[in-house]
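>>> Dropping the sequence and predicted coords here.
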Amino acid sequence: MRYADPADTLTLDQLAEQVAPDILALLEHRGIHPVGPRWVLIDDQGRPHTINAARRASPHKWATLIRETRLYWWHLATHARIPRLAAVRVVALPLHRDHRSPQDTAACAPAVKAAVDGLVDAGVMRDDGPNHLRAVVFLPPAVLGLDGLALLIEDIS
């Protein structure tokens, strides 16, 4: 896990306030038009874990990464005070600092699965079965000046 200089670090609230409007505008531009209540959560801890990283990592190291990712998303959802939702659509948007080495669309599926598990742990939905998690949409990466993963959680019940 990387750590930034505290002087350069934004709080979760500051990050959401500065980046979330850009993400919502980008989603609209890419054809995602949220209609229900929605929340944007942003993990700015670096690029999301990919399928290729899962193949290369030892099982122990991979389990540790997934556990940390799941806990981080639990923290984000708890901090955002997202209520329990009956039906959810999740839109995943990988964030890139610059145009170098863009990830393939949906390569971040392992990170998104861990994030969804963190949302379940936080009580946002009862489980991630098809009755509660109705859709997961993967968008191509967006260059917004930081490496991370943004999730739009939309109540579609």
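Nice, thanks for sending it over.

>>> which SS class is the residue lying closest to F138 once chain neighbours are set aside?
Residue nearest to F138 in three dimensions, not counting chain neighbours: A106, with 4.0 Å by Cβ to Cβ, 6 or more residues apart in numbering. C-beta coordinates here come from the backbone N, C-alpha and C atoms, glycine included. Put simply, A106 is coil when judged by DSSP: H, G, I helix; E, B strand; the rest coil.

>>> So A106 is in contact with V137, correct?
No: between A106 and V137 there is no contact under Cβ atoms under 8 Å: 9.6 Å.

>>> So which residues make contact with the helix ranked longest in the chain?
Looking across the chain with DSSP state H, the single longest helix is helix 59-80. Residues outside helix 59-80 that contact it (Cβ atoms under 8 Å, 6 or more residues apart in numbering): 1, 12, 16, 39, 41-43, 45, 49, 53-54, 57, 110-111, 114-119, 121-122, 124, 151, 153.

>>> Low-confidence ranges, the chain, go.
Counting by pLDDT under 70, the chain has low-confidence residues at 1-23.

>>> Run through the helices of it in chain order.
Under DSSP H, the chain gives helices at 12-29, 51-56, 59-80, 109-121.
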